[in-house]
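Visitor: Dropping a prediction and its sequence here:
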Amino acid sequence: MSLPPPTDVTPGDRRMAAHVRPLVLALRPALTEAEFDRFAVEAHAQGLVFTAAYDEHGHCVAVATHRVLATSRGRVLFVDDLVTDPAHRSAGVGARLFAHLAARARDAHCTRVELDSGVTNHLAHRFYHARRMRITALHLALEVADG
């Protein structure tokens, strides 16, 4: 049986709360449901795309959030989040979604796909290296919290 192609989900679509939000919250447990909902609306308005991958039974098994950015290094498809339901890991779901993102990058005339990955997330690093991604930079951050 052929799997359906990944599909974009927008804020206001019932699938955002039912399918996308639970997987993103699994990746980002510090977010509450209300915070996710506010984030989804604001980030979507800034160009963030939410793409969901489904299995043959219609269950959401992976989600990617991404956007095309014009940078001084060329156009890039930047992946903010890529998460596979833990029950479906190592089954090719993430690889299928990643291939979909790479095709979207080519169609958008991007020079590459970029993402950040936590320095201790070794399983993700192995996944990305298997997709021929290279470590090309360090992402540095400065917290500037209120007060």
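Guide: Structure received. As the structure is a prediction and not an experimental result, all values here were calculated from the model. Numbering: from 1, shown residues only.
Visitor: contacts and neighbour counts: CA atoms only from here.
Guide: Noted.
Visitor: Could you measure from Glu114 over to Arg67?
Guide: Glu114 sits 10 Å away from Arg67, going by CA to CA, to the nearest Å.
Visitor: What segments of the chain are strands?
Guide: Along the chain, counting by DSSP state E, strands occupy 7-9, 49-54, 60-71, 74-84, 112-115.
Visitor: in the chain, which helix has the most residues?
Guide: helix 93-107 (DSSP state H).
Visitor: what helices or strands is that helix leaning on?
Guide: Under the contact criterion of 3 or more CA pairs under 8 Å, 6 or more residues apart in numbering; DSSP states H and E, helix 93-107 touches strand 60-71, strand 74-84, strand 112-115.
Visitor: Could you give me the buried positions within that helix?
Guide: For helix 93-107, the neighbour count (16 or more other CA atoms under 10 Å) marks Val93, Gly94, Ala95, Arg96, Leu97, Phe98, His100, Leu101, Ala102, Ala105 as buried.
Visitor: how many other residues sit next to Pro6?
Guide: Residues within reach of Pro6, counting by other CA atoms under 10 Å, total 19.
Visitor: got any ranges where this protein has weak pLDDT?
Guide: Along the chain, the model assigns pLDDT under 70 to residues 1, 147.
Visitor: Quick check, central residue of it?
Guide: Ala64 (2.4 Å; CA atoms, centre = their mean).
Visitor: Return the distance of the nearest residue to that residue once chain neighbours are set aside relative to Asp8.
Guide: Once flanking residues are discounted, Ala64 sits nearest to Leu82: 4.3 Å by CA to CA, 6 or more residues apart in numbering. Distance, Leu82 to Asp8, by CA to CA: 14 Å.
Visitor: got it, and Asp146?
Guide: For Asp146, the distance to Asp8 - CA to CA - is 34 Å.
Visitor: how much space between the residue nearest to the centre of the chain and Ala95?
Guide: Noted for Ala64: a distance of 12 Å to Ala95, by CA to CA.
Visitor: Val76 too?
Guide: 19 Å.
Visitor: what's the answer for Leu48, then?
Guide: Taking CA to CA, one finds Leu48 at 21 Å from Ala95.
Visitor: re earlier: of Asp146 and Asp8, give the one with the bigger neighbour count.
Guide: Applying other CA under 10 Å to Asp146 and Asp8 shows that Asp8 carries more neighbours, namely 15 against 4.
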